[in-house]
Structures are given as C-alpha cells and as structure tokens.
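Chemist: Need coordinates for the below:
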Amino acid sequence: MISQQLLPATDNSLVPAFEIMYLNNAIRNMIRENKIHQIDNVISTSVSEGMVSMNNSLLDLYMQKRITEETCVNYSTDPEQMKKRMRSIYP
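Modeler: Okay, here's the model as predicted:
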C-alpha cells in the first residue's frame, strides 16, 4: 500500500510525501488481531523491507530543504516526536 500527500514546498510548488507499507506477516497479524495502532511502529522498523513511514518521508524532505520545519511538523503523525528528531539532527 502506498499513501501519498502533496505538501507545500519551499519553492512554492507541491512536493509528494509517501508512506509505503507491504503486507508482511507482522502487518497481517496486527490487522487480524485489530492492533492497527501498532502498524506505524512496524513500518518505521521495516526499512530493510522497503517500507517508508510518513514521518521518515517528511524528515527526508525537510533535510533536503524541500519543505519547511513548520510543514514537516504540521503534517507529521506525531508532531512532538518529529520536533525531537529534528532537534537531534539540527541541534
């Protein structure tokens, strides 16, 4: 499953942010057991399988200076965690 959101870019255009999830065994089990709230954690820790969380996509766009800090935080699924991650990269 691929989810996409268009965000305002620093050059006044729109830039896509993607979330990519593959139905692996862990995801299937969480859906079956109605543990949907845990899926974000699996996506975040399954980079080696090609998964990309929305927050990682946003952070990459911010680090490339394609979106502003405000846009990155505002579109994040966890704004407080995003602020912490941004501070750890750019103290």
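Chemist: Now do the SS call for the nearest residue to Lys35 once chain neighbours are set aside.
Modeler: Closest residue to Lys35 apart from its sequence neighbours, by CB to CB, 6 or more residues apart in numbering: Asn29 at 7.8 Å. Quick note: C-beta positions are derived from backbone N, CA and C, even for glycine. Secondary structure for Asn29, judged by DSSP: H, G, I helix; E, B strand; the rest coil, is helix.
Chemist: what about Asn29, how many residues close to it?
Modeler: Neighbourhood size, Asn29 [other CB atoms under 10 Å]: 12.
Chemist: and the gap between it and Arg66?
Modeler: 35 Å (CB to CB, to the nearest Å).
Chemist: One more: Cys72?
Modeler: Counting by CB to CB, the gap from Cys72 to Arg66 is 10 Å.
Chemist: the more surrounded of these two?
Modeler: Cys72 (24 against 17).
Chemist: Disregarding flanking residues, what is the spatial nearest neighbour of the residue nearest in space to the middle of the chain?
Modeler: Against the mean C-alpha coordinate of the chain, by CA atoms, centre = their mean, the closest residue is Met54 at 1.7 Å. What sits nearest to Met54 in space, not counting adjacent residues and going by CB to CB, 6+ apart, is Glu19, at 4.2 Å.
Chemist: so which strand or helix has the one you found?
Modeler: strand 14-20 (DSSP states H and E).
Chemist: which parts of that strand are buried?
Modeler: The neighbour-count check on strand 14-20 (16 or more other CB atoms under 10 Å) flags 15, 17-20 as buried.
Chemist: before we move on, what about stretch 20-32?
Modeler: So, applying 16+ other CB under 10 Å, buried residues of stretch 20-32: 20-21, 26-27, 30.
Chemist: what are the ranges of the strands in this structure?
Modeler: Per DSSP state E, the chain carries strands over the ranges 2-8, 14-20.
Chemist: Columns distance to Ile36 and mean pLDDT on top of the ones you listed, output as CSV?
Modeler: CSV is the format used below for the strands of the chain (distance: least, CB to CB, whole Å; pLDDT from 0 to 100):
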stretch, distance to Ile36, mean pLDDT
strand 2-8, 14, 89
strand 14-20, 14, 95
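Chemist: Alright, that wraps it up for me.
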